[in-house]
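Novice: Turn this into a structure:
(one chain, ligands or ions: 1)
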Amino acid sequence: MSDQKLISGSEKILNLNWSDLEQHYKELVDRGLNEEGIETWLADWTSVSELSDELYNRLFVATSLNTADRESEKRHEAFMENFYPQWQSAEQKLKQKFLASGLEIPGFEVPLRNMRAEADLFREANLPLIAEEEKLNTEHDKVIGAQTLQWQGQEKTARQMELVLRETDRETRRQGWELLAQRQLADRETINDQWVHYMQLRSQIAANAGKPDYRSYRWQYFKRFDYTPADCLAFHQAIEEVVVPAVTRISERHKHTLGIDRLRFYDLFVDLSSEQPLKPFDSVEDMVNKASEIFHHVHPQFGGYFDLMNSEGLLDLGNRKNKANGGYCAYFIHSKRPFIFANAVGIHDDVQTLLHEGGHAFHAFESFKLPYLQQYYENNIPTEFSEVASMAMEYLTAPYLEKQFGGFYSKADAARAKVDHIQTDLRFWPYMAIVDAFQHWAYENPWEGIDPDQCDAKWAELERRFRPHIDWSGYEDVMMTGWQRKDHIHTVPFYYVEYGLALMGAAQIWRNAIADQAKTVENYRKALALGGTVTLPQLYQAAGARLAFDTNTLQSVVDLMENSIDELEKTYIQ
Ligand SMILES: [Zn+2]
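Specialist: Coordinates of the predicted model:
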């Protein structure tokens with residue numbers, strides 16, 4: 001069965017029902033499997049999964065483009081109720097059939113390893129517990145989402161209050177930050193209760209799956225075959241030794257420039273130049289044109305991909321009423337196209353987001369060339385590498401931010417933008433280490449981890465270890481409840497170190513690019529094209545980097561980052 005026999009065109013995809021695909025799945029389940037037929041069988045499985053997955057993604061995208069559109073919402077809900085469970089169970093049957101066949105084909109070693117891990121972890125008894133956990137996630141999201149407050153006569157969300165931290169007037173920053181902190185502390189007991197519930201559920205889930213603790217369960221769930229908890233602890237250690245002193249040095253300068261003697265949390269995000277905030281573009285069209293020029297400079301192929309997305313309406317970048325928050329890259333795998341969603345309002349963050357999502361989109365274009373779904377499906381490419389694709393793109397585009405390359409800024413403004421980017425990345429590592437170390441501790445010592453008071457004490461200890469440059473005196477309660485304010489800890493446990501590792505990969509690629517931009521970009525492209533066909537260390541290696549956790553590798557990239565900040569700041573701070 002070929003694509004044409006099934007369907008073509010995105011409009012038709014949106015009108016698909018489960019009954020249109022059910023027969024195809026059933027036929028695949030019933031078909032005899034042998035060495036000769038396996039490739040056709042996999043190709044046919046790919047075709048039908050591509051349609052289902054593209055429908056799923058298109059329906060999701062439609063709801064985020066217009067949250068007030070009841071029709072899209074209803075279609076999405078109906079899909080989740082009727083189509084989704086049947087689709088997932090059909091996919092499960094095909095996976096089991098394939099595993100049971102014992103057939104192996106080249107380029108499938110890693111996908112097979114993934115499938116085996118998934119099948120091995122599956123327990124019927126965990127389904128109701130996972131559903132309960134999902135319900136708890138919704139309740140948690142509700143508590144966090146309701147954390148609004150009145151600021152300067154308007155109702156503001158916690159996310160919106162982050163903008164106050166950029167205000168140049170220190171007193172304004174302090175007031176806004178304190179108000180938000182008080183609002184968040186009002187939910188302390190509620191979140192404590194939810195945490196106890198989470199910990200109970202998770203230890204039961206691990207026990208049902210025959211795992212010694214929840215961390216081992218999550219390790220297999222995330223298919224972390226190529227690194228261990230001990231590697232993560234070593235990574236924390238390296239961050240403490242290398243990044244913490246660098247951030248402390250930067251913070252000392254920060255204090256000096258601001259003329260303050262205590263660096264408070266609300267002083268961290270303010271721009272040190274006395275200039276107006278960066279204003280990169282006038283309209284979304286202007287942003288797209290400039291981004292296109294930049295991507296063309298990185299590689300004509302990337303520029304071409306981006307222009308194609310623009311001409312096919314696969315960029316929805318402006319902020320408008322009734323659009324969902326945030327930015328993402330979605331994948332339409334039947335059409336072999338990515339889609340970028342953003343909420344640009346004319347600030348530098350918008351540029352950074354677009355360059356980042358561009359990396360994800362190019363990753364999709366390159367890996368979609370592989371023949372089978374299991375080789376390029378987003379869930380089968382490790383996040384530890386997908387985020388290298390996007391974070392490295394932020395660095396590979398940096399040389400072209402200036403107007404002389406068709407980019408956004410004067411020389412001095414480009415320097416400010418780069419410093420902002422590098423500093424944000426540097427500061428991320430210690431915070432990531434706190435979030436990750438906290439979870440290792442909690443699930444390694446579940447009888448302590450379930451006790452919110454001990455969680456507070458642990459978080460405080462980690463803050464002192466990784467962020468000694470921040471003065472929290474007088475704000476101890478705010479400081480020690482930091483674990484309550486990090487969503488990942490509650491709703492996606494253990495999912496965070498990926499970003500720390502990917503940043504290490506991206507920074508190594510940046511280092512290579514300074515020596516030889518063209519060769520680095522060529523390796524980067526080749527690595528993207530591998531999709532999920534090789535292991536995580538092999539993906540890093542193909543991109544010219546190393547999956548690393550050690551002090552030496554970290555030191556070399558942190559030196560580069562710190563020196564770059566020094567050099568760049570000279571161009572705009574006297
Ligand atoms: Zn990303």
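Novice: What's the end-to-end length of stretch 445-454?
Specialist: Separation of the first and last residues of stretch 445-454 by CA to CA, to the nearest Å is 11 Å.
Novice: Show residues contacting it.
Specialist: With CB atoms under 8 Å, 6 or more residues apart in numbering as the test, stretch 445-454 has contacts from 192, 195-196, 199-200, 203, 213-214, 441-443, 455, 458. Heads up, the C-betas are built off the backbone N, CA and C, glycines and all.
Novice: Pull out the buried residues from those residues.
Specialist: Buried members of the contacts of stretch 445-454, counted by 16 or more other CB atoms under 10 Å: 192, 195, 199, 203, 213-214, 441-443, 455, 458.
Novice: biggest separation within the residues you listed, which pair?
Specialist: N192 and D213 (21.7 Å; CB to CB).
Novice: So S473 belongs to a strand, correct?
Specialist: No - in this structure, S473 is coil, not part of a strand, as judged by DSSP: H, G, I helix; E, B strand; the rest coil.
Novice: And it, how far from R464?
Specialist: In this view, S473 and R464 are 12 Å apart by CB to CB, to the nearest Å.
Novice: More neighbours: which of these two?
Specialist: Each of S473 and R464 has its neighbours counted (other CB atoms under 10 Å); R464 has more, 12 against 8.
Novice: Am I right that that one sits in a strand?
Specialist: No - counting by three-state DSSP, R464 falls outside a strand, being helix.
Novice: ok, it to K321 distance?
Specialist: 44 Å.
Novice: And K135, by the same measure?
Specialist: Separation of K135 from K321 (CB to CB): 30 Å.
Novice: Looking only at neighbour counts, state which of these two leads.
Specialist: K135 (10 against 7).
Novice: List the contacts of the closest residue to W459 other than its chain neighbours.
Specialist: Of all residues not flanking W459 in the chain, W483 sits nearest, at 4.7 Å (CB to CB, 6 or more residues apart in numbering). Contacts for W483 were tallied using CB under 8 Å, 6+ apart; they are 435, 438, 455-456, 458-459, 489.
Novice: Looking at the residues you listed, which two lie furthest apart in space?
Specialist: Greatest spacing in these, by CB to CB: V435 and D456 (15.0 Å).
Novice: Compare neighbour counts for these two and give me the winner.
Specialist: Legend: neighbour count by other CB under 10 Å for V435 and D456, higher for V435 (23 against 20).
Novice: Helix or strand: which one has the more buried one?
Specialist: Assigned by DSSP states H and E, V435 belongs to helix 411-444.
Novice: show me where the stretch 251-400 of the chain has strands.
Specialist: 315-318, 328-332, 337-344 (DSSP state E, counting those that start in this stretch).
Novice: whoops, the stretch 101-250 of the chain was the one
Specialist: Under DSSP E, counting those that start in this stretch, the stretch 101-250 of the chain gives strands at 149-151, 154-156.
Novice: Redo the ones you listed as a markdown table? Include mean pLDDT.
Specialist: Putting those into a markdown table (pLDDT from 0 to 100) gives the following:
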| stretch | mean pLDDT |
| --- | --- |
| strand 149-151 | 93 |
| strand 154-156 | 91 |
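Novice: so of these, which one's packed in deepest?
Specialist: strand 149-151 (a mean of 15; mean count of other CB atoms under 10 Å).
Novice: so where is the protein shaky, pLDDT-wise?
Specialist: Scanning the chain for pLDDT under 70 picks out 1-9, 574.
Novice: of all the strands of the stretch 251-400 of the chain, which lies closest to F83?
Specialist: If we rank the strands of the stretch 251-400 of the chain by CB to CB, the stretch that ends up nearest is strand 328-332, at 16.6 Å.
Novice: The residue nearest to W459 looks like it's in a helix, true?
Specialist: Yes - counting by three-state DSSP, W483 is part of a helix.
Novice: Tell me who's in contact with G531.
Specialist: Applying CB under 8 Å, 6+ apart to G531 gives the contacts 366-367, 370, 375-376, 380-381.
Novice: er, S52 I mean
Specialist: 16, 21, 83, 87 are the contacts of S52 under CB under 8 Å, 6+ apart.
Novice: among those residues, which are in strands?
Specialist: The members of those all map outside strands under DSSP state E.
Novice: In helices, which of the residues you listed fall?
Specialist: Judged by DSSP state H, the subset of the contacts of S52 located in helices is 21, 87.
Novice: Tell me the buried residues within the contacts of S52.
Specialist: Buried among the contacts of S52 (16+ other CB under 10 Å): 16, 21, 83, 87.
Novice: Name the nearest residue to the first one, ignoring sequence neighbours.
Specialist: Nearest-residue entry for L16: L55, 5.3 Å, with adjacent residues in sequence omitted and distances by CB to CB, 6+ apart.
Novice: Count the residues that sit near the one you found.
Specialist: 25.
Novice: Tell me what angle the helix or strand harbouring it forms with strand 328-332.
Specialist: Assigned by DSSP H and E, L55 belongs to helix 38-65. Relative orientation of helix 38-65 versus strand 328-332 (axes from the mean of the first three to the mean of the last three CA atoms, to 10 degrees): 140 degrees.
Novice: now helix 38-65 against strand 337-344, angle please.
Specialist: Using the same axes, to 10 degrees: helix 38-65 against strand 337-344 is 20 degrees.
Novice: following helix 38-65, which helix or strand comes up?
Specialist: Immediately after helix 38-65, counting by DSSP H and E, sits helix 70-78.
Novice: Can you give the contact residues for that next one?
Specialist: Contacts of helix 70-78 with the rest of the structure, by CB under 8 Å, 6+ apart, involve 14, 59-60, 62-63, 65-67.
Novice: residues contacting S64?
Specialist: Shown in contact with S64 (CB under 8 Å, 6+ apart): 323-324, 341.
Novice: make it 6 Å
Specialist: If you count contacts by CB atoms under 6 Å, 6 or more residues apart in numbering, S64 has them with A324.
Novice: Please apply the same query to R215.
Specialist: Y443.
Novice: State the distance from it to P371.
Specialist: From R215 to P371 the distance is 36 Å (CB to CB).
Novice: between the contacts of stretch 445-454, which is closest to Y25?
Specialist: Closest approach to Y25 among the contacts of stretch 445-454 (CB to CB): Y214, at 33.4 Å.
Novice: The closest one against N208, yeah?
Specialist: No - taking contacts as CB atoms under 6 Å, Y214 lies outside contact range of N208: 11.0 Å.
Novice: What lies in contact with the host helix or strand of Q555?
Specialist: Assigned by DSSP H and E, Q555 falls within helix 551-570. Residues outside helix 551-570 that contact it (CB under 6 Å, 6+ apart): 238, 241-243, 246, 415, 418-419, 422, 426, 507, 511.
Novice: Sounds good, over and out.
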